[in-house]
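Q: Build me a model:
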Amino acid sequence: MKKALFRFPVALVAVFFLASCGKSAPTETVHVEGARSAIFGLEKVMQVSETGMKAVRNGALLGIQVAEYISMTPAVAVASGLTGVTAASAAQSTQSTITDPDFKLLAAFSEALSVNVAELLNRSTERQQQLDVYSEALSNVATKANDRYKELSAVEEQASSELRTLKRDLSSAERERKAASSAKDFSLASEKQKIILDLQKQIADKELQVEQSADIVTQLEQMLELYGEKILAMESNREALILGVQVIDVPGVEELQLIKREKSPRKRSRGGGLFDGLF
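A: Sure thing, here's the model as predicted:
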C-alpha cells in the first residue's frame with residue numbers, strides 16, 4: 001500500500017509538468033486542403049527566409065506565365081521558336097568546322113519551312129499580323145542560313161583545294177620512298193615513310209571536313225531554294241491569304257483567269273552570294 005501511495009504523487013506531478021510545458025510553448029496548427037492551399041502553409045514555414053522565398057516564387061510564376069503565353073499565342077510561338085537561332089548562329093559564326101549549332105540551324109529552318117501558312121492564319125484572329133510575324137521569322141532564319149551557307153561553301157572550297165595538295169604531296173612522298181628503297185637507302189626510306197603516314201592522317205581529316213561541309217552546304221542550298229519558292233508564293237498571294245479565300249483548280253478555271261501561272265525562280269548554281277537576291 002505504501003508503494004502505491006508513493007507512485008501516485010509522482011505520476012500526478014508528471015501530468016502537471018507536461019501540462020505546464022504545453023501552456024508555456026503553445027503550438028500553432030496550420031490546416032491545408034489540397035495542393036493549392038498548401039502554398040499558404042509553405043509560405044508560413046518559409047517566413048524565416050522571406051526574401052529568398054519571394055525571389056524563387058516570382059521567378060517560377062514568371063516562367064509559368066511566359067510558357068502559357070507562348071503556348072496560347074501562335075504568332076509568338078512561331079517567332080520565339082526561331083529566336084533561339086540567333087544564339088546558335090553567334091556560337092558558330094566563326095567556326096570553320098561543323099558544330100552542333102549548324103544542326104540546330106538546319107532544324108529551325110526546316111521547321112519554319114514546314115509551317116502550314118493557311119492553318120496558321122486560320123487559328124489567328126489577326127490574319128495580317130500573323131502573316132507578317134511568320135514572314136519576318138522565316139526571313140530571319142533564312143538570312144542566318146544564307147550566311148552560314150556562304151561560310152561553309154568557302155570552307156568546302158578551301159578544304160577541297162588543300163586536299164588536292166595533300167594528295168599530290170602523298171604521291172610524291174610514295175615515289176621518293178620507293179626510290180630510296182630501290183637504292184638501299186633505308187634511312188631515307190624510313191623518313192619518307194613517316195612523312196607518308198602523317199600525310200595519310202591529314203588527308204583523312206581533310207576528307208572528313210570536306211564531306212561534312214558539303215553535306216551541310218547541300219542541305220542549306222535545298223532549303224534556301226524552298227524558301228525562295230515559299231516567300232515568293234506568299235508575297236504574290238498576300239491578299240488572298242489575308243482574306244482567307246481559295247480557288248478550286250478544276251478544268252476550265254484557267255479561262256476565268258483566277259490563277260496566274262508564273263515561271264519558277266531560276267535554278268541557282270553553287271557559290272557564295274547566290275541567294276542574296278532573296279533577302
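
Q: where do the helices sit along this structure?
A: Under the criterion DSSP state H, the chain carries helices at the ranges 2-24, 34-45, 50-72, 74-92, 100-113, 117-122, 127-182, 186-236, 238-243.

Q: Determine the set of other helices and strands touching the longest one.
A: To tie it back to what came earlier, the one meant is helix 127-182. Here helix 127-182 touches helix 74-92, helix 100-113, helix 117-122, helix 186-236, helix 238-243, going by 3 or more Cβ pairs under 8 Å, 6 or more residues apart in numbering; DSSP states H and E. Yep, even glycine has a C-beta here, placed from its N, CA and C like the rest.

Q: quick one: which of those helices is nearest Leu166?
A: Comparison of these against Leu166 by Cβ to Cβ identifies helix 186-236 as nearest, at 4.9 Å.

Q: Output the contacting helices and strands for the closest one.
A: Packed against helix 186-236 by the contact rule (3+ Cβ pairs under 8 Å, 6+ apart) you find helix 100-113, helix 127-182.

Q: I'd say Val253 and Lys260 touch.
A: No: Val253 lies out of contact with Lys260 (Cβ atoms under 8 Å); the separation is 11.6 Å.

Q: Tell me which of the helices and strands packed on helix 127-182 sits most buried.
A: Among the helices and strands packed on helix 127-182, helix 100-113 has the highest mean neighbour count (mean count of other Cβ atoms under 10 Å), at a mean of 18.

Q: Output that one as PDB - backbone C-alpha positions only.
A: Extracted C-alpha coordinates of helix 100-113, given in PDB (Å, rounded to 0.1, in the frame of the first residue of the first chain):
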ATOM      1  CA  ASP A 100      26.100  21.400 -83.100                       C
ATOM      2  CA  PRO A 101      24.600  24.900 -83.800                       C
ATOM      3  CA  ASP A 102      24.800  24.000 -87.500                       C
ATOM      4  CA  PHE A 103      22.300  21.200 -87.000                       C
ATOM      5  CA  LYS A 104      20.200  23.400 -84.700                       C
ATOM      6  CA  LEU A 105      20.100  25.900 -87.600                       C
ATOM      7  CA  LEU A 106      19.000  23.200 -90.000                       C
ATOM      8  CA  ALA A 107      16.300  22.000 -87.600                       C
ATOM      9  CA  ALA A 108      15.000  25.500 -87.100                       C
ATOM     10  CA  PHE A 109      15.000  26.300 -90.800                       C
ATOM     11  CA  SER A 110      13.300  23.000 -91.700                       C
ATOM     12  CA  GLU A 111      10.600  23.600 -89.000                       C
ATOM     13  CA  ALA A 112      10.000  27.200 -90.300                       C
ATOM     14  CA  LEU A 113       9.600  26.000 -93.800                       C
END
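
Q: Give me the angle between it and helix 127-182.
A: Counting by axes from the mean of the first three to the mean of the last three Cα atoms, to 10 degrees, helix 100-113 lies at 140 degrees to helix 127-182.

Q: lowest confidence element among the helices and strands of this protein?
A: The least trusted helix or strand in the chain, going by mean pLDDT, DSSP states H and E, turns out to be helix 50-72, with a mean of 41.

Q: Before I go, just wanted to say thanks for your time.
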